[in-house]
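Undergrad: all I have is the shape, not the residue letters:
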């Protein structure tokens, strides 16, 4: 498995073979996307990143946002461009985010509407050349960019080798408890084998409906079990942030049909108190 990243485009695969299957349900906005619609938005996001900000292979795309189906679109848009997805921890202070952006040098910082002030400060202090907002489906630079995007993605440059499974898909910064945060590199191969292992261990299938409740700047939010669910062709239901009362209501809502969810130890005392 040394090449063939295009063949590893999970969303495009499911859009081709199960276009009407539900891919994502953003609970805060109520938006629901089939794999065909999700695939189209990802292509448009990639076109927007490339044309509006010049994002190309190897460039970093920083995202500072609460949980949002748009975050997953940007993650897969980076994959289609060969760019590197850089989710930022919204719990960090401006100086901490400034360090991460100086270290990783993103081309653009895309931020949720709640973080506009912090994002603009970080971009100015760390020299990020572009910023844009997204707003959970409401009018924003992101939605306007997707609406205006058209055409097809340019083929890879002939002077560059084909994308390899060993290439980097995501850089996720550690908490830095023993010093400065460090950028952990997550390759395409890591994504594939993580998805396969999760599917084997917890029985993910195309009928799975996973609740995303951990923050998507965290590997738990992205990779257990959100990305593995996309890999199998299931549906991810995205909570904007963990709310114990809402979580319990969602678990007992038979219409949602939840099959999987992952929490961390701090979530469970909150549920017990609720």
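TA: All right, it came through fine. Everything numeric here is computed off the predicted structure, so don't read it as measured data.
Undergrad: got phi/psi on residue 238?
TA: Residue 238 has phi and psi values of phi -110, psi 120 when expressed as degrees, to the nearest 10.
Undergrad: my guess is it meets residue 70, correct?
TA: No - at 9.4 Å, residue 238 does not count as touching residue 70 under the criterion of CB atoms under 8 Å. For every residue, glycine as well, the C-beta is placed using N, CA and C.
Undergrad: who touches both of these two?
TA: residue 26 (CB atoms under 8 Å, 6 or more residues apart in numbering).
Undergrad: tell me the confidence at residue 205?
TA: Residue 205 carries a pLDDT value of 98.
Undergrad: thought it was touching residue 231?
TA: No - Residue 205 lies out of contact with residue 231 (CB under 8 Å); the separation is 10.8 Å.
Undergrad: identify the contacts common to those two.
TA: residue 199.
Undergrad: for the protein, what spans make up the helices?
TA: Using DSSP state H, the helices found in the chain span residues 10-17, 35-53, 69-81, 94-104, 116-126, 141-148, 188-202, 219-223, 226-232, 244-251, 267-273.
Undergrad: make CSV out of those helices and add mean neighbour count.
TA: Formatted as CSV, the helices of the chain follow (neighbours: other CB atoms under 10 Å):
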stretch, mean neighbour count
helix 10-17, 19
helix 35-53, 21
helix 69-81, 25
helix 94-104, 18
helix 116-126, 18
helix 141-148, 17
helix 188-202, 17
helix 219-223, 20
helix 226-232, 25
helix 244-251, 14
helix 267-273, 11
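Undergrad: make CSV out of those helices and add distance to residue 23 and mean pLDDT.
TA: CSV is the format used below for the helices of the chain (distance: least, CB to CB, whole Å; pLDDT from 0 to 100):
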stretch, distance to residue 23, mean pLDDT
helix 10-17, 7, 97
helix 35-53, 4, 97
helix 69-81, 9, 97
helix 94-104, 28, 97
helix 116-126, 27, 98
helix 141-148, 16, 98
helix 188-202, 15, 96
helix 219-223, 15, 95
helix 226-232, 7, 98
helix 244-251, 18, 94
helix 267-273, 25, 90
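Undergrad: out of those, which comes closest to residue 172?
TA: Nearest to residue 172, of all the helices of the chain, is helix 219-223, at 6.1 Å by CB to CB.
Undergrad: show residues contacting the closest one.
TA: With contacts defined as CB under 8 Å, 6+ apart, helix 219-223 is touched by 67, 75, 87, 170, 172, 186, 191, 194, 198, 212-216, 262, 264.
Undergrad: now the spatially most central residue of the chain: closest residue in space, sequence neighbours ignored.
TA: Among the residues of the chain, the one closest to the centroid is residue 72, at 3.1 Å (CA atoms, centre = their mean). Nearest non-adjacent residue to residue 72, counting by CB to CB, 6 or more residues apart in numbering: residue 24, 6.5 Å away.
Undergrad: can you check residue 32 too?
TA: residue 25 (4.8 Å).
Undergrad: what bridges to the one you found?
TA: For residue 25, the beta-bridge partners are residue 32, residue 237 (DSSP bridges).
Undergrad: who's in contact with it?
TA: Residue 25 touches 31-33, 69, 235-238, counting by CB under 8 Å, 6+ apart.
Undergrad: I'd like the residues you listed as JSON lines, with distance to residue 49 appended.
TA: Listed next are these as JSON lines, based on distance: CB to CB, whole Å:
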{"residue": "31", "distance to residue 49": "20"}
{"residue": "32", "distance to residue 49": "24"}
{"residue": "33", "distance to residue 49": "19"}
{"residue": "69", "distance to residue 49": "17"}
{"residue": "235", "distance to residue 49": "25"}
{"residue": "236", "distance to residue 49": "22"}
{"residue": "237", "distance to residue 49": "26"}
{"residue": "238", "distance to residue 49": "21"}
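Undergrad: what is the nearest of the residues you listed to residue 139?
TA: Distance ranking of the contacts of residue 25 against residue 139, using CB to CB, places residue 31 first at 13.9 Å.
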